[in-house]
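*Asks:* sharing a model that was predicted from the sequence below.
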Amino acid sequence: MFNAFLQLLYPKLCFACEDPLFESEEFICTYCRISLARVDYTQNSPWWLRAKFDGLFVYQEVQTFFIFASGGRVQYLMHAIKYKGAEDLGEYLGLWAGQSLKKFHFFHEVDCIIPIPLHPKRLQERSYNQAECIGNGLAKGLQIPILPKALQKFSQTNSLIGQDRSHRFEILKDSFEVLADVRGRHVLIVDDTLTTGATLLAAAEKIKAAGAKEVSFFTLAALK
Ligand SMILES: [Zn+2]
């Protein structure tokens, strides 16, 4: 009763469309839950997703949950996770994705989940790492352990601006260090949004070099 009263005074809003939520709804409204653009897990991972890595790196599987469009509701969601302190939302969506993926074959052989880290300074400003929140939910949904501190991010000593693609990649690669023993394991690297894939590739190279058997990728949203 009291909660209903509070909800009347300060309605909780859908993180995707900003309509007021019903008491039974959590984080996003039922309309958005059904209608946000998502990947069809009954099919193989979409070609446009694979195209970001094919020919650049030997990986096992790549998947995403939402299809990102600039200015759309998925962008609002991702913005809330990244910048508005909505840690719980990240975990909630990660869990939803994990439960959806668990029914399919994509990540059946994965041994552990490793989220892309934030630089320690950025982590201090933001107080949480959005990729870790998503990874925590995903780990619960897929029932796979997460190694939240397995990767560390350093300052990039050189700016990426003005560098060509291969040079940018080298700089990015050297900004990660693997702190966990990943030898012989199939690692699922997790991030919030996939655009060019450069960050995931750089982390994957490092994880492979540290002895991982296989690498797969998951992001909560991806740009087509
Ligand atoms: Zn909504």
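*Replies:* Perfect, thanks for sending it.

*Asks:* and Arg33, that's in a helix?
*Replies:* Yes: remark: Arg33 belongs to a helix, assigned using DSSP: H, G, I helix; E, B strand; the rest coil.

*Asks:* and it, how far from the ion?
*Replies:* 8 Å (CB to the ion, to the nearest Å). All C-beta spots, glycine's among them, are computed from the backbone N, C-alpha and C.

*Asks:* tally of neighbours for that residue?
*Replies:* The number of residues packed around Arg33, counting by other CB atoms under 10 Å, is 15.

*Asks:* same check, this time on Ala222
*Replies:* 25.

*Asks:* who's in contact with it?
*Replies:* By CB atoms under 8 Å, 6 or more residues apart in numbering, the residues touching Ala222 are 49, 64, 66-68, 193-195.

*Asks:* so which bits of the lengthiest helix in the chain are buried?
*Replies:* What stands out as the longest helix in the chain, according to DSSP state H, is helix 87-102. Within helix 87-102, the residues that count as buried by 16 or more other CB atoms under 10 Å are 87, 89-98, 100-102.

*Asks:* next: stretch 62-76.
*Replies:* 62-68, 73-76.

*Asks:* cool, and stretch 211-223?
*Replies:* Applying 16+ other CB under 10 Å to stretch 211-223 flags 212, 214-223 as buried.

*Asks:* what sits up against stretch 131-142?
*Replies:* Around stretch 131-142, the neighbours that count as contacts under CB under 8 Å, 6+ apart are 81, 87-88, 90-102, 107, 110, 113-118, 144-146, 148, 190-192, 218, 220.

*Asks:* give me the subset of the residues you listed that also touch the ion.
*Replies:* For the ion, no contacts are drawn from the contacts of stretch 131-142 by CB under 5 Å from the ion.

*Asks:* ok, which stretches of the protein are helices?
*Replies:* So, for the chain - with DSSP H - the helices run 2-9, 30-35, 47-50, 73-83, 87-102, 120-126, 130-142, 165-173, 198-209.

*Asks:* run the chain-centre distance for the last one.
*Replies:* To tie it back to what came earlier, the one meant is helix 198-209. 15 Å (CA atoms, centre = their mean, to the nearest Å).

*Asks:* go through it and flag the buried ones.
*Replies:* Buried residues in helix 198-209, counted by 16+ other CB under 10 Å: 198-208.
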